[in-house]
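> only geometry, no sequence info:
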C-alpha cells in the first residue's frame, strides 16, 4: 500500500498526465436509478422558439441529473396542453405520469420574452407550483434552471441545486485549462490556461472566487482568482510546496498545506494572504484539509497511524481525532452542508472508490463503481455528490445521489477531466 508521501507525489503526477479539451461540453447520461423516482413529463412550451432550445431540454436534463425523476416522453401521449384546462389527465395517468409541467413563451416587448410555467399533479389535478419570468432570450437557460429548481423543491421538499456551477481542470496535450460551467456542463468558461499543471480548485462560499494550485513558477503556489474581474493574487507562496487550499465557511480564511517545516503540514492563512499559522505539530504528513460547515473543525488526511486515514482537529488547534477506521487507505475528505456526512476516497483491492460515511453511526456506503475515482464534493443542498471517475479509458464527471441509489454520467468530450469541485448557489 503506497505511503501518504507517495499519494501526494501521485497526485502531482496525475495532474501532469491527464488529457482533455479546453472547450469540452458535458452530456447527461443516466447510468443508474432508484426504484422510487418521481414520474414527470415536461411538455414542450408553447412558442419556445426564441429560447433556442434552452428551455424544456434544459429542464428535462436538470431533473434527470438529480436522479429523483423518471422522465415520461411527451410524445407517448396524444395531448400537448399549454393550459391546465387542456390537460387530459386520464391519458397522462395511463402513461405513468405523476406530474406534468406545461408552459408557454410570449413576447413582452422591448426585446424581452415572458416565460410562464405550471406544474400540475396528475392524480389530484391541482397546481403544485408555477411562475412567470420576464427576461431577454439569452437568459432563458437561467430561467430553465430556476424552473427545474422550483419543480425539484415542489416534489422533494428540498431546495434544488440546478442554479449552481462546477469547476474542473482539463488538459490538451501540454496545455492545462481551469474551467467553470453550469451544473449541466454548458456555458463553460476558461478561467486560466497554462502549460504547467493546475490542480485543486476550491470555490469561495459566496461563489465569487476560486482558489487553486498552479505550477507556473515551477513549484506549487496557491492562487485566489476573482471570477468577475479575472484578477488573481498569490496567497501562499512560501518556501517549498504550497497546496490543497480549502475555504473557511465565512470565506475569510484558507487552510493550506505547506512544506516550510519539512513534511507537509496544515496551516491557516487569511484569504487575502499574509502570515500562516500552523495548525498542528507532529512528525507525520498532514494534507487535504476541509472545514466543517460550522467552521469549528478541520478534517484532514494523515499517515500518523501508518496509513492514510482521515482525522479532524479543532480549528484553533488541539488533539486530532481519527474519523475513518474501515480500510487502510482513506483520503480526500469533504463534509455535507449539514455536517452529518463525510465523503472521501477509499482504496480497496487496487480500486479507488467514493465512500459516504454517516458521522453519527460511522456506517459507510460505496457511491462509485469505477476502478479510479477522485475528488468527491457535495452539491450545496447535500443531495448529490460530484466526482471524476474512469469510464472507457477516459476520466469523466459523475454525480451520484448521496444515498447511493442512482448516478448520472456527465461525459466530457475529447478528453479527461480532473479535480472537479461543486460550487455554491449562484447569486440572484
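Okay, I see it. Note that this is a predicted model, so its numbers are computed, not measured. Numbers count the residues shown, from 1 in each chain.
> Verify the assumption that residue 149 is located in a helix.
Yes. Judged by DSSP: H, G, I helix; E, B strand; the rest coil, residue 149 forms part of a helix.
> Tell me the pLDDT of it.
Here the pLDDT value assigned to residue 149 is 97.
> so how far is residue 105 from it?
Using Cβ to Cβ, to the nearest Å, residue 149 is found at 19 Å from residue 105. C-beta here means a position set from N, CA and C on the backbone, and glycine is covered the same way.
> which residues touch residue 309?
Counting by Cβ atoms under 8 Å, 6 or more residues apart in numbering, residue 309 touches 301, 302, 303, 322, 323, 324, 325, 330.
> any idea which of those is closest to residue 65?
residue 330 (27.7 Å; Cβ to Cβ).
> Does the closest residue to that closest one other than its chain neighbours lie in a helix or a strand, and which?
Setting aside the residues directly before and after it, residue 330 is nearest to residue 324 in space (Cβ to Cβ, 6 or more residues apart in numbering), at 4.2 Å. For residue 324, there is no host helix or strand (DSSP states H and E).
> since we're on residue 324, how many residues are nearby?
23 (other Cβ atoms under 10 Å).
> Show the contacting residues for it.
309, 310, 330, 342, 344, 346, 357.
> any idea how far residue 135 lies from residue 69?
Taken as Cβ to Cβ, the span from residue 135 to residue 69 is 25 Å.
> so how far is residue 207 from residue 160?
16 Å.
> and the two? which has more neighbours close in?
residue 160 (27 against 18).
> Tell me the confidence at the more buried one?
95.
> The residue lying closest to it once chain neighbours are set aside - how many residues pack around it?
In space, and not counting its chain neighbours, residue 160 is closest to residue 149: 3.0 Å by Cβ to Cβ, 6+ apart. Using other Cβ under 10 Å, residue 149 has 20 other residues around it.
> what's the weakest-modelled helix or strand in the chain?
Lowest on mean pLDDT, DSSP states H and E among the helices and strands of the chain sits helix 4-17, with a mean of 43.
> The strand or helix carrying residue 396 - which strands sit beside it in the sheet, and in what orientation?
Residue 396 is part of strand 394-401, with elements assigned from DSSP H and E. Partners of strand 394-401 in the sheet, by DSSP bridges, are strand 384-391 (antiparallel), strand 407-412 (antiparallel).
> Okay, now the unreliable bits of this structure?
In the predicted model of the chain, residues 1-27, 32-35, 411-415, 427-428 satisfy pLDDT under 70.
> Quick check: bridge partners of residue 373?
Bridge pairing for residue 373 - DSSP bridges - gives residue 389.
> brain fart, residue 278
Beta-bridge partners of residue 278, as defined by DSSP bridges: residue 267.
> That one contacts residue 262, correct?
No. Taking contacts as Cβ atoms under 8 Å, residue 278 lies outside contact range of residue 262: 11.8 Å.
> Please say which of those two ends up with more neighbours.
Taking neighbours as other Cβ under 10 Å, residue 278 and residue 262 compare with residue 278 leading, 14 against 9.
> do you know how far the more buried one is from residue 256?
Distance from residue 278 to residue 256, by Cβ to Cβ: 11 Å.
> What of residue 72?
Distance from residue 72 to residue 256, by Cβ to Cβ: 49 Å.
> Which of those two has more residues huddled nearby?
Between residue 72 and residue 256, residue 256 has the larger neighbour count (other Cβ under 10 Å), namely 26 against 21.
> in the sheet, who's paired with the residue lying closest to that one once chain neighbours are set aside?
Counting by Cβ to Cβ, 6+ apart, residue 256 lies nearest to residue 236, which is 4.7 Å off, once chain neighbours are set aside. Judged by DSSP bridges, the bridge partners of residue 236 are residue 222.
> Residue 236 and residue 111: what is the separation?
46 Å.
> if you count what's nearby, which of the two comes out ahead?
More crowded of residue 236 and residue 111, by other Cβ under 10 Å: residue 236, with 25 against 9.
> Residue 259 is in contact with the more buried one, correct?
No. If you go by Cβ under 8 Å, residue 236 and residue 259 don't touch, sitting 11.2 Å apart.
> all helices for the stretch 101-250 of the chain, in order.
140-156 (DSSP state H, counting those that start in this stretch).
> So which residues of it form strands?
112-121, 127-135, 164-172, 175-182, 189-194, 198-203, 209-214, 221-226, 232-236, 242-247 (DSSP state E, counting those that start in this stretch).
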